Structures are given as C-alpha cells and as structure tokens.
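*Asks:* sequence? don't have it. structure:
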C-alpha cells in the first residue's frame with residue numbers, strides 16, 4: 001500500500017504543481033494516507049506572508065477539477081488543501097536542501113539512540129542526498145538518512161527575515 005500511496009502523491013504533485021505555482025503559491029508537499037476509515041489526499045501550500053483559509057479554498061477550487069479529470073485514486077478519498085504550517089516535516093530532498101541553504105534550524109529524530117539521545121537539534125551544514133551533517137551544540141554529527149525517523153524545521157519570522165519565501 002505504501003508504494004501505491006507514494007505513486008498517487010507523485011502523480012498528483014506532477015499534475016497540480018504548475019497550476020498552484022502559476023496562481024502565486026508554492027507547493028510544499030502532497031501526501032496520500034489513511035486517517036481512521038478515510039483516505040486523505042493532502043496538498044500543503046505556502047507563500048510569502050502565509051496562507052489563509054481563503055487561499056486554501058481558492059487552491060482547492062483550482063485543482064479539484066484537474067484531479068477529478070485525472071481520477072488517480074480508485075477508492076473514495078477526502079481532498080484537503082492546507083498551509084504547510086510553521087513546524088514542517090522535511091519529507092523530500094528539496095526540503096532538506098532548502099533548510100540547509102537557508103540555515104533554518106531543524107530537529108532530527110533517530111530510530112536508534114546515538115550517544116544516549118534519539119533527537120538532535122541544529123543546522124544542516126551539508127547534505128549529499130544520503131548523509132546529513134548537522135551542527136548541533138558546537139559539534140558536527142553525521143547521520144545517514146536510514147538512521148533518521150523524521151526531520152522537522154520551524155519556519156518562523158526569523159526564517160522569513162533571513163530572506164527565504166517560506167512562512
């Protein structure tokens with residue numbers, strides 16, 4: 001089921017990215033997952049100045065006809081368009097590269113403890129697609145992506161003032 005979910009998300013991402021970006025928004029992520037008895041197709045968007053409910057509604061109206069025409073999902077599902085949020089999971093390589101280049105602080109969660117800890121916070125100094133070098137508490141630590149259970153970044157006003165176009 002995971003491959004099917006990933007495939008649906010990738011097809012929808014490819015289909016809607018141009019529409020969303022053409023309307024002045026940034027497509028942050030597309031996820032397809034089960035929540036309780038429902039399947040959810042979640043589109044996360046962003047733009048400078050943040051996202052309002054009106055923005056979510058406008059993007060929903062923009063992309064819904066295209067998704068209906070594509071018909072990428074066999075079962076019933078709920079389409080949700082939402083803000084990417086302040087605290088964001090970094091699910092894609094482009095997300096990790098973006099926060100690294102922008103020097104936005106991250107929290108890295110590990111499957112197995114290293115030096116007695118399963119969570120490290122800091123700045124990603126390097127990322128080659130496989131290994132992440134994190135500056136954490138004055139130390140440089142290298143983690144392979146296979147060790148990492150999750151990475152999150154907090155997009156706050158300081159991040160915006162730092163020159164990026166995220167929230």
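*Replies:* Nice, thanks for sending it over. Bear in mind the structure is a predicted one, so any value in this text is a computation, not a measurement.

*Asks:* Measure how far the host helix or strand of residue 32 is from the centre of its chain, please.
*Replies:* According to DSSP states H and E, residue 32 maps onto strand 26-35. Taking C-alpha atoms, centre = their mean, to the nearest Å, the mean C-alpha location of strand 26-35 is offset from the chain mean by 8 Å.

*Asks:* same question, stretch 116-125
*Replies:* Counting by C-alpha atoms, centre = their mean, stretch 116-125 comes out at 19 Å from the chain centroid.

*Asks:* mean confidence for that stretch?
*Replies:* Average pLDDT, stretch 116-125: 95.

*Asks:* picking that back up, the next helix or strand after the strand holding residue 32: which residues count as buried?
*Replies:* Downstream of strand 26-35, the first helix or strand assigned by DSSP H and E is strand 38-46. By 16 or more other C-beta atoms under 10 Å, the buried positions in strand 38-46 come out as 39, 41, 42, 43, 44, 45, 46. Where C-beta positions appear, they are placed from N, C-alpha and C, glycine not excepted.

*Asks:* Number of residues surrounding residue 53?
*Replies:* 10 (other C-beta atoms under 10 Å).
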